[in-house]
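S.K.: Provided below for reference: sequence and predicted model.
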Amino acid sequence: MAVLLLLVVLVSLPSCLFCIEVILGAYRNSRQEVAKHRKNQMVRTTILIPAHNEEAVLEDTLSTLMASLRAQEKVVVVADNCTDSTATIARGFGCTVLERFDAENRGKGYALSHGLKHLELDPPDIVIVLDADCQVEPDAISVLANEVHSTGHPVQGAYLLRLPDGADPKFKISEFAIYIKNYIRPLGLSKIGGSVPITGSGFGAPFFLLKDVDLASGEIVEDMKLGNDLALMGFRTLFCRDARVNSELPIDNKVAQGQRKRWEHGHISILARYVPKLGLSGLLKASPSLLFTAIDLAILPLTFLVAANGLMITALLVVAVLTGYWLPFAYLLSVQGLILVGLAYANSSACPRLLRLSDLVHIVYFGASKVGVYASLVTGRRSGWVKTRRDSKDNDSE
């Protein structure tokens, strides 16, 4: 029976780390800490924006971005396999535009690699990666660049996806899950020394770190791969809550389902490849940071995590009734309880609160929407550009 308890403890390590991250992250968020960022006006920074047919959103992104740039900050847009006016819009804002056409090797990773090779001609100190459909809050770029420069580490800003005004409340659960994943958990993980995930936009790093990293691939979550590669190189990704970048969460059912499929299929793929690498490297180097990073990567998406724990608790209850050995059941039930308490605490620390009690009725819809996502894993993963459409009428030539 002791073996069963040990097995349950090992399997529940990701759940335990999830509890720690959420509680620490919510605590840090509720404290309203005043961050102190070292100012350095001489940091040469390039904002690299990979874009594929983004004429519908690029103008809004560049309007907010260009207004907040300092003299030593410039923007390079990589118009990758575009068939619209993306490149023309970017030039209109005074950006350097790189047009790339390659029908076979396409995707965000290839676009980033192309941009970085161009930058080798006149290397900046810092490179910041930004998606073409984001709204950058004032000073976010300078805060992020200064944080990268002062620490010498890659730094992920607070990248949040918000629902547009008037959106159906059934999407509130999705917004909350992204808030936990992209903001609360990184706050907690950074506090204990783990390398936080790179979430795709609002990410900065010293140029020398990125120029030798293999980005030219059709990986569907190239950002997640990059973060783990950097961690294995000895450069953990830090988190900067004060560098805020926002984007709109799609509310079309078909689009939202496609986005979840991309994120979660990619997560499972990276999990299978990198958890063993990070865990083994952490053990060989006696590195708590790598071990925390490996366990964090093994944390399943929120709905799946809670559901999987629920199934295991049910199975352990049956074992306990048949054998009288209740300890594994009691242990995992306690972990599940702490997860729910941590999520409630995180929601209370948000201002304004993201969820109300009445929103919880939509958990069933949110959970049901994930069934198709995981069922489609058997069809294999996609590569190339898998960008977020704003509605089902948008067409992305792939």
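M.R.: That came in fine, so what should we check first?
S.K.: partners of the strand ranked longest in the chain in the sheet?
M.R.: Longest strand in the chain by number of residues, with DSSP state E as the criterion: strand 238-248. Partner strands for strand 238-248, per DSSP bridges, with pairing direction: strand 135-136 (antiparallel), strand 155-162 (parallel).
S.K.: and A205, how far is that from A307?
M.R.: 35 Å (Cβ to Cβ, to the nearest Å). For glycine as for every other residue, the C-beta is placed from the backbone atoms N, C-alpha and C.
S.K.: give me the more crowded residue out of these two.
M.R.: It is A205, of A205 and A307, that has more neighbours when counted by other Cβ atoms under 10 Å, with 24 against 14.
S.K.: wait, a strand at that one?
M.R.: Yes. A205 forms part of a strand when assessed by DSSP: H, G, I helix; E, B strand; the rest coil.
S.K.: show me what contacts it?
M.R.: Counting by Cβ atoms under 8 Å, 6 or more residues apart in numbering, A205 touches 126-127, 148, 153-155, 230.
S.K.: if we use 10 Å, what do you get?
M.R.: Contacts for A205 were tallied using Cβ atoms under 10 Å, 6 or more residues apart in numbering; they are 126-129, 148, 152-156, 198, 213, 226-227, 230, 235, 237.
S.K.: those residues in helices, which ones?
M.R.: Among those, the members found in helices (DSSP state H) are 148, 226-227, 230.
S.K.: low pLDDT regions in the stretch 101-250 of the chain?
M.R.: Along the stretch 101-250 of the chain, segments meeting pLDDT under 70 span 218-219.
S.K.: by contact count, what packs against the helix or strand containing V319?
M.R.: Under DSSP states H and E, the secondary-structure element containing V319 is helix 302-323. Judged by 3 or more Cβ pairs under 10 Å, 6 or more residues apart in numbering; DSSP states H and E, helix 302-323 is in contact with helix 2-11, helix 13-31, helix 172-179, helix 253-284, helix 327-349, helix 363-375.
S.K.: for the very next helix or strand once past the shortest one, packing partners?
M.R.: Using DSSP H and E, the helix or strand that follows helix 172-179 in sequence is helix 185-191. Where contact means 3+ Cβ pairs under 10 Å, 6+ apart, helix 185-191 is packed against helix 13-31, strand 155-162, strand 238-248, helix 288-297, helix 327-349.
S.K.: ok now helix 185-191, how far from the chain's centre?
M.R.: 13 Å (Cα atoms, centre = their mean, to the nearest Å).
S.K.: pLDDT weak spots in the stretch 251-398 of the chain?
M.R.: Applying pLDDT under 70 to the stretch 251-398 of the chain flags the ranges 251-261, 358-359, 361-398.
S.K.: okay, the strands paired with strand 238-248 in TSV with mean neighbour count next?
M.R.: As requested, these are arranged in TSV below (neighbours: other Cβ atoms under 10 Å):
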stretch	mean neighbour count
strand 135-136	22
strand 155-162	23
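S.K.: go through the ones you listed and name the closest to L24.
M.R.: strand 155-162 (15.8 Å; Cβ to Cβ).
S.K.: quick one, that closest one and helix 253-284 angle?
M.R.: Angle, strand 155-162 to helix 253-284, by axes from the mean of the first three to the mean of the last three Cα atoms, to 10 degrees: 150 degrees.
S.K.: L116: how many residues sit nearby?
M.R.: Neighbour count of L116, defined by other Cβ under 10 Å: 23.
S.K.: show me what counts as buried in the one helix or strand it maps to.
M.R.: Assigned by DSSP H and E, L116 belongs to helix 108-119. Going by neighbour count (16 or more other Cβ atoms under 10 Å), the buried part of helix 108-119 is 108-116, 118-119.
S.K.: run through the neighbouring helices and strands of it.
M.R.: With contacts taken as 3+ Cβ pairs under 10 Å, 6+ apart, helix 108-119 sits against strand 45-51, strand 73-80, strand 96-100, strand 126-129, helix 207-210, helix 222-232.
S.K.: any chance of those in a markdown table, plus distance to S289 and mean neighbour count?
M.R.: A markdown table is the format used below for the helices and strands packed on helix 108-119 (distance: least, Cβ to Cβ, whole Å; neighbours: other Cβ atoms under 10 Å):
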| stretch | distance to S289 | mean neighbour count |
| --- | --- | --- |
| strand 45-51 | 26 | 26 |
| strand 73-80 | 30 | 24 |
| strand 96-100 | 35 | 18 |
| strand 126-129 | 22 | 25 |
| helix 207-210 | 16 | 17 |
| helix 222-232 | 8 | 23 |
